[in-house]
Each structure stands twice: as C-alpha cells, then as structure tokens.
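> 3D, please:
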Amino acid sequence: MQNNHQQMARSKQYNEQEVIEKATALFWEKGYEGTSVRMLEKEMGINQFSIYASFGNKRGLFLECIQCYKKRLKGIISTLEASKDGLGGIKQYFYDFVAFSKENGIKKGCLVSNTVNELGPDSDAQLMQELMKFSGEIHTLFRDKLKQDPTKDMETIERQGHYLLGSMLGLSLVSKVFTQKQIADYIETIFSNL
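I've put the predicted structure just below:
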C-alpha cells in the first residue's frame with residue numbers, strides 16, 4: 001500500500017508544457033533575477049516541491065523556458081528561413097519580432113536579450129551558453145539571408161550580420177518603450193545603412 005502511495009505522490013497533477021509556458025511568460029515579463037520561486041509557484045499553479053522535482057531548480061526551469069520561447073518564435077523564424085528576399089526578409093523579421101514581443105498587449109522585448117542584459121557575461125555559465133547559442137543561431141540565419149545578395153563579399157556579410165544582431169538587441173529594448181512610429185523609424189534606419 002505504501003509503495004502505491006509513493007507512486008501516486010510522484011505522479012504529476014499538471015500539464016508540464018502548460019506550466020512551462022506560464023513560467024516563460026513570467027520570466028519574460030519580470031526577468032530571471034526578478035522572478036522568485038514564490039512568484040513561479042503562484043503563476044504556474046504548482047508548489048515549490050513540484051518545481052524542484054520536475055526541473056531541479058529555478059535555473060533548470062528557466063532553461064526549459066528558453067526552449068519554449070524558441071518554439072514560440074519558430075513561426076517568425078520559419079518565415080525568415082523561407083524568404084527568398086535576403087535583406088527584405090530580415091527586415092520583415094524585425095517587424096514580425098516587434099509584433100511577437102507585444103503579444104497580449106505587454107511590451108516585453110526579447111526574453112534572450114533581456115536576460116543577457118540582466119545577467120551579464122560573468123553570470124551562470126550554462127545559462128549564458130544557452131542564450132549565446134540562440135543568438136548565434138539568429139546571426140547564422142542573418143548571414144545566410146545576406147548571402148542571397150551576390151554583390152556582398154564574405155567580410156561584408158559577416159560585418160552586416162553582426163550589425164543586424166546588435167540591432168536586434170537594440171530592437172528588444174526600443175520595442176518596450178518606443179511608440180509604433182518610433183520603432184518603424186528605428187527599423188527603417190537600420191536597413192537604410194545596409
């Protein structure tokens with residue numbers, strides 16, 4: 001009987017994907033450091049024991065949230081991947097990202113950029129590695145799209161890829177505070193310089 005009770009205690013009484021999505025939204029809005037385990041308990045609707053049993057700790061949960069965030073971004077990334085317009089496709093990605101970052105009327109910017117800015121390079125190595133891996137994937141995608149212009153040499157493509165990635169970091173910030181017109185002006189200015 002006791003063995004049966006132990007098995008029942010271990011079974012999850014919640015949908016893991018659903019609680020990860022709730023945690024992702026909270027981290028995205030409040031930041032990694034600004035989100036306490038108590039806040040996660042309340043938002044996710046599960047207790048601290050369940051969080052630790054399922055994810056190990058707050059960092060483990062956050063790493064799952066980064067994967068969830070990537071899946072949510074997949075739609076606009078897929079649009080960019082399919083684009084045959086090179087620079088025009090990247091520009092559309094910037095606009096699509098702004099719409100994505102304002103989901104549910106909350107101006108949240110980019111979860112990855114927000115966290116990199118919040119934690120800095122000397123923080124948790126595993127977290128930073130995962131965040132930088134994601135940034136590297138976006139940079140590679142930008143480079144691939146820039147290669148669609150046969151007039152660009154590899155040095156120019158590399159330089160412009162870094163410029164666009166840096167501009168995305170800036171877009172994450174301005175999308176939280178600028179008006180729609182100011183954001184459009186920012187994006188148009190970025191691309192007028194290429």
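> Only C-alpha atoms from now on, for both contacts and neighbour counts.
Fine.
> thinking Ile190 is in contact with Ser167, fair?
Yes - between Ile190 and Ser167 there is a contact under C-alpha atoms under 8 Å: 7.2 Å.
> Now do stretch 169-181: everything it contacts.
94, 98, 101, 107-110, 113-114, 183, 186-187 (C-alpha atoms under 8 Å, 6 or more residues apart in numbering).
> okay, it in PDB with CA atoms only?
Coordinates of the C-alpha atoms in stretch 169-181 are reproduced here as PDB (Å, rounded to 0.1, in the frame of the first residue of the first chain):
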ATOM      1  CA  LEU A 169      19.300  43.600 -29.300                       C
ATOM      2  CA  GLY A 170      18.500  47.300 -29.600                       C
ATOM      3  CA  LEU A 171      15.100  46.500 -31.000                       C
ATOM      4  CA  SER A 172      14.400  44.400 -28.000                       C
ATOM      5  CA  LEU A 173      14.900  47.500 -25.800                       C
ATOM      6  CA  VAL A 174      13.100  50.100 -28.000                       C
ATOM      7  CA  SER A 175      10.100  47.800 -28.600                       C
ATOM      8  CA  LYS A 176       9.400  48.100 -24.900                       C
ATOM      9  CA  VAL A 177       9.500  51.900 -24.700                       C
ATOM     10  CA  PHE A 178       9.100  53.500 -28.200                       C
ATOM     11  CA  THR A 179       5.800  54.200 -30.000                       C
ATOM     12  CA  GLN A 180       5.000  52.200 -33.100                       C
ATOM     13  CA  LYS A 181       6.200  55.100 -35.300                       C
END
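> Can you give me the buried ones in it?
169, 171-176 (16 or more other C-alpha atoms under 10 Å).
> ok, now stretch 21-35?
By neighbour count on 16+ other C-alpha under 10 Å, the buried set for stretch 21-35 is 21-32, 35.
> quick check, nearest of the residues you listed to Ser123?
Relative to Ser123, the closest of the buried residues of stretch 21-35 is Tyr32; by C-alpha to C-alpha it sits at 11.6 Å.
> Quick check: which ranges of this structure have low pLDDT?
Filtered on pLDDT under 70, the chain yields the residue ranges 1-12, 104-106, 121.
> can you map out the helices along the protein?
Counting by DSSP state H, the chain has helices at residues 2-10, 16-30, 37-44, 48-55, 58-82, 87-101, 111-119, 125-146, 154-177, 180-192.
> Pull out the buried residues from the longest one.
The one in question is helix 58-82. Neighbour counts over helix 58-82 (16+ other C-alpha under 10 Å) mark 58, 61-66, 68-69, 76-77, 80-81 as buried.
> Same check on the fourth one?
Within helix 48-55, the residues that qualify as buried by neighbour count (16+ other C-alpha under 10 Å) are 48, 51, 55.
> Would you mind writing the CA trace of stretch 91-106 as PDB?
What follows is stretch 91-106, C-alpha atoms only, in PDB (Å, rounded to 0.1, in the frame of the first residue of the first chain):
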ATOM      1  CA  LYS A  91      13.600  43.500 -42.300                       C
ATOM      2  CA  GLN A  92      10.300  41.700 -42.200                       C
ATOM      3  CA  TYR A  93      11.600  39.500 -39.400                       C
ATOM      4  CA  PHE A  94      12.300  42.700 -37.400                       C
ATOM      5  CA  TYR A  95       8.700  43.800 -37.900                       C
ATOM      6  CA  ASP A  96       7.400  40.400 -37.100                       C
ATOM      7  CA  PHE A  97       9.500  40.200 -33.900                       C
ATOM      8  CA  VAL A  98       8.000  43.500 -32.700                       C
ATOM      9  CA  ALA A  99       4.500  42.100 -33.100                       C
ATOM     10  CA  PHE A 100       5.600  38.900 -31.400                       C
ATOM     11  CA  SER A 101       7.200  40.800 -28.500                       C
ATOM     12  CA  LYS A 102       3.900  42.700 -27.800                       C
ATOM     13  CA  GLU A 103       1.800  39.600 -27.500                       C
ATOM     14  CA  ASN A 104      -1.100  40.100 -25.100                       C
ATOM     15  CA  GLY A 105      -0.500  43.800 -25.200                       C
ATOM     16  CA  ILE A 106       2.600  43.600 -22.900                       C
END
